[in-house]
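S.K.: Structure, please.
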Amino acid sequence: MKKVLIIYDTQFGNTRKLALEIVKGIQENENITCKVENGDGIETEDLSKYDAVIFGGPTRAFRATRGAMDAIKRAGQIGLDGKVVTTFGTYMMGKQSRGVKGMDKKLSKSAPGAIQIRPGFSAKVDSVRGPISEEEIPRAHEFGRKLSQEILQHTSPTVEVPSA
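M.R.: Model prediction:
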């Protein structure tokens, strides 16, 4: 059984809602379980028991929130080598979240030994407080479903075939 930790920062609940929808997509695969945590819990989390760690946060003032960026930094210090990692977040203006781009960059720097799936997932919100645009919910679910395939592909043990 593969284990995934989703760490998020949220201000109005939209990023948490997005995290839970991504989890639904991931857990369509019965070989994967997920735990969802607010970023504050990363201080004491034992990351060694997870095969993948996903980071999420909203975009504020055209960048990821400090909480999201701090969670990535702390996780990198704890250890993400060999784990599948990626990001997700919300944005209001433009075509994609600048916050997700910033988190992707921070993740590359903080966890160079991780297997990073890029780009992360961006979901549009209708206003500063949300809600998430309705068309984004099925996209988040699909992102989770595809991510489960990536997790299994990159964390499955290599099977050696004996030579004849």
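
S.K.: okay, CA-based contacts and neighbour counts for the rest of this
M.R.: OK.

S.K.: Surely residue 80 and residue 111 touch.
M.R.: Yes - Residue 80 lies in contact with residue 111 (CA atoms under 8 Å); the separation is 5.9 Å.

S.K.: Quickly list what residue 89 is bridged to.
M.R.: As for beta bridges, residue 89 partners with residue 57, residue 122 under DSSP bridges.

S.K.: What about it, how many residues nearby?
M.R.: By other CA atoms under 10 Å, 33 other residues sit near residue 89.

S.K.: same question, residue 29
M.R.: Residue 29: 15 neighbours (other CA under 10 Å).

S.K.: can you start the count at 55 instead of 1 from here on
M.R.: Fine by me, first position is 55 from now on; the one you just mentioned is residue 83.

S.K.: Once you drop chain neighbours, what's closest to it?
M.R.: residue 202 (6.8 Å; CA to CA, 6 or more residues apart in numbering).

S.K.: That neighbour reaches residue 84, doesn't it?
M.R.: No - using CA under 8 Å as the test, residue 202 is too far from residue 84 to be in contact (9.9 Å).

S.K.: quick one, which of these two is more surrounded?
M.R.: Shown here are residue 202 and residue 84; by other CA under 10 Å, residue 202 has more neighbours (25 against 10).

S.K.: from the chain's centre, how far out does the one helix or strand the more buried one maps to sit?
M.R.: If you go by DSSP states H and E, residue 202 is part of helix 190-209. Here helix 190-209 is found 10 Å from its chain centre; the criterion is CA atoms, centre = their mean, to the nearest Å.
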